[in-house]
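> Please find the sequence and the predicted model below.
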Amino acid sequence: MAVYLPVMLDVWGKRCVVVGGGKVAERKTLGLLDAGAAITVISPVLTPQLSELSEQASIVWLNRIYAPGDARGAFLVYAATDDPAVNVEVAREADSLGVPVNVGSDAEAGSFITPGVLRRGRLTVAVSTSGAGPGTAAKITKLLEETFGEEYEAYLDFLYKMRQEIKRQEPSLEARKALIKRLGTLNVLDEIRMGTFTEWDSEQIGTWIAQHREEY
Ligand SMILES: C[C@@]1(CC(=O)O)c2cc3[nH]c(cc4nc(cc5[nH]c(cc(n2)[C@H]1CCC(=O)O)[C@@](C)(CC(=O)O)[C@@H]5CCC(=O)O)C(CC(=O)O)=C4CCC(=O)O)c(CCC(=O)O)c3CC(=O)O
Ligand SMILES: NC(=O)C1=CN([C@@H]2O[C@H](COP(=O)(O)OP(=O)(O)OC[C@H]3O[C@@H](n4cnc5c(N)ncnc54)[C@H](O)[C@@H]3O)[C@@H](O)[C@H]2O)C=CC1
């Protein structure tokens, strides 16, 4: 059994190649788009949504079947055709070039798999069953959507802003750690949920840091 290493890849502006233009290719493409990749889809047929993305120039569409050489120069490759033999061929080429490859028809033929993904702004939760039950990965992702609501987006924006300021204003690593720990005890998340949270301006942030630095 493969033991997969979870990583968070920065694919912004990176050329990613999706071979196939069906439902599975569409799902992989939408995930790549969310992460800002530069996507090329290679397929003689596209789903309506992929066609629309191509018309809007959100993706580059090569209207043809896969040909050797298509994986060259790619950062990631997705083999998502309905022909397992083609998918394996794509995987072989990518492997030989040292390019990570996902095979939709057979997890083990590829070098990485796609998890279910929950996003709330800066929060990303990825769920994998190591390929054992993709439907279950989808269900668990849905369950997490109920636990981690929209409020996390604003909360993480707040945490981001505060940590940036603490790092900028506080030179001592120890004091920084104490401030960041203290930050975690604020009930901002509840305030956001209740709709009573108002964003802190730089003066409030500065005052909070100064007060709690003294405590430390
Ligand atoms: C190995 C993996 C490779 C990869 O694609 O990376 C893979 C492989 C296969 N999936 C199959 C079927 C289905 N996949 C889904 C859904 C998702 N599949 C996803 C990932 C993965 N699927 C990777 C492992 C992830 C893990 O568990 O760790 C998700 C999580 C992410 C995504 O695709 O973006 C996304 C949910 C997104 C969401 O909604 O949250 C559904 C449900 C649906 O469509 O609603 C079904 C039908 C029900 C069923 O069969 O369970 C088949 C059989 C095909 C056949 O029978 O021919 C194979 C082939 C095989 O089993 O080898
Ligand atoms: N990983 C996953 O989440 C899932 C994987 N699957 C697997 O993925 C395969 C694809 O599923 P769908 O997208 O639903 O199939 P689909 O039939 O909707 O789409 C297949 C696409 O591949 C294209 N294609 C076929 N031969 C090609 C070639 N030589 N070069 C380029 N493109 C080519 C077709 O034009 C079509 O656009 C299924 O056969 C199944 O094995 C199925 C469901 C979920």
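Happy to help now that I have it. Ligands and ions are numbered 1, 2, ... in the order given.

> Stretch 120-132 and ligand 2, any residue contact?
No. Figure legend: stretch 120-132 not in contact with ligand 2 (Cβ under 6 Å from any ligand atom); closest approach 9.0 Å. The C-beta positions use only the backbone N, C-alpha and C, and glycine is treated the same way.

> Please enumerate residues in contact with the strand or helix carrying T124?
Using DSSP states H and E, T124 maps to strand 123-127. Strand 123-127 is contacted by residues 6, 8, 115-119, 137, 140-141, 144, 148, 152-153, 156 when judged by Cβ atoms under 8 Å, 6 or more residues apart in numbering.

> What of stretch 176-195?
149, 151-152, 154-155, 158-159, 162-163, 166-167, 170, 197, 209, 212-213, 215-216.

> for the record, mean pLDDT for that stretch?
Mean pLDDT, stretch 176-195: 94.

> how about it: buried residues?
Neighbour-count burial for stretch 176-195, counted by 16 or more other Cβ atoms under 10 Å, picks out R176, A178, L179, R182, L183, V188, L189, E191, I192, R193.

> wait, which of these is closest to V60?
Taking Cβ to Cβ as the measure, V60 sits nearest to I192 out of these, at 39.4 Å.

> can you count the residues close to the closest residue to the closest one other than its chain neighbours?
Nearest-residue entry for I192: E151, 4.4 Å, with adjacent residues in sequence omitted and distances by Cβ to Cβ, 6 or more residues apart in numbering. Neighbourhood size, E151 [other Cβ atoms under 10 Å]: 18.

> A107 and I113 touch, don't they?
Yes. With contact defined as Cβ atoms under 8 Å, A107 counts as touching I113 (5.2 Å).

> Now for those two: what residues contact both?
Taking Cβ under 8 Å, 6+ apart as the contact rule, A107 and I113 both touch S130, G131.

> before we move on, back to that, give me the subset of the contacts of stretch 176-195 touching ligand 1.
Near ligand 1, judged by Cβ under 6 Å from any ligand atom, there are no entries from the contacts of stretch 176-195.

> Please pick the buried ones from these.
Buried among the contacts of stretch 176-195 (16+ other Cβ under 10 Å): 151-152, 154-155, 158-159, 162, 166, 170, 197, 209, 212-213.

> Find the nearest non-adjacent residue to the residue nearest the centre of the chain, please.
Nearest to the geometric centre of the chain sits A35, at 5.8 Å (Cα atoms, centre = their mean). With sequence-adjacent residues excluded and distances taken as Cβ to Cβ, 6+ apart, A35 is closest to V11, at 4.9 Å.
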